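Trainee: From the sequence below, what's the structure:
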Amino acid sequence: MLYLINERIRCDEKTLLFVPTEDHAEFLKLMFMDKGIEPSICYRNMDRDERILEVSRFKEGKSMLLITTDICLLYTSDAADDSLRV
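Mentor: Below is the predicted model of the structure:
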């Protein structure tokens, strides 16, 4: 996975990474941060405002990698889209 992020995906390309659990998301966030990559993460048990902030960082290009659980994206997408419209 690090190989793909570092070598195959351009730094100006956004990447969405689906993981099965919150623990996977937290682990990968730490792994990427250790390599100098600042990802956004999103999972269902996060505070709603924090989820919206993380998705917003990704949408605005402040973070080029979003690590999320598949259920979280479904759970968050409508609320985040409504909250982030300008």
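Trainee: residues in contact with the closest residue to residue 13 other than its chain neighbours?
Mentor: Nearest residue to residue 13 in three dimensions, chain neighbours excluded: residue 64, at 6.9 Å (CB to CB, 6 or more residues apart in numbering). Any C-beta I mention is one placed from the backbone N, CA and C, and that applies to glycine too. Contacts for residue 64 (CB atoms under 8 Å, 6 or more residues apart in numbering) come out as 11, 12, 13, 14, 15, 58.
Trainee: One more pass at 7 Å, please.
Mentor: 11, 13, 14, 15 (CB atoms under 7 Å, 6 or more residues apart in numbering).
Trainee: what about the helices in this structure?
Mentor: 2-3, 22-34, 48-59, 70-84 (DSSP state H).
Trainee: hmm, which helix or strand of the protein has the shakiest average pLDDT?
Mentor: Sorting the helices and strands of the chain by mean pLDDT, DSSP states H and E puts helix 70-84 at the bottom, at a mean of 53.
Trainee: Scan the contacts of residue 64 and report the most crowded one.
Mentor: Taking other CB atoms under 10 Å as the neighbour criterion, residue 15 ranks highest of the contacts of residue 64 with 17 neighbours.
Trainee: pLDDT score for the nearest residue to it once chain neighbours are set aside?
Mentor: What sits nearest to residue 15 in space, not counting adjacent residues and going by CB to CB, 6+ apart, is residue 65, at 5.0 Å. At residue 65, the model reports a pLDDT of 91.
Trainee: same thing with the one 4 residues further on?
Mentor: At residue 69 the predicted local distance difference test score is 87.
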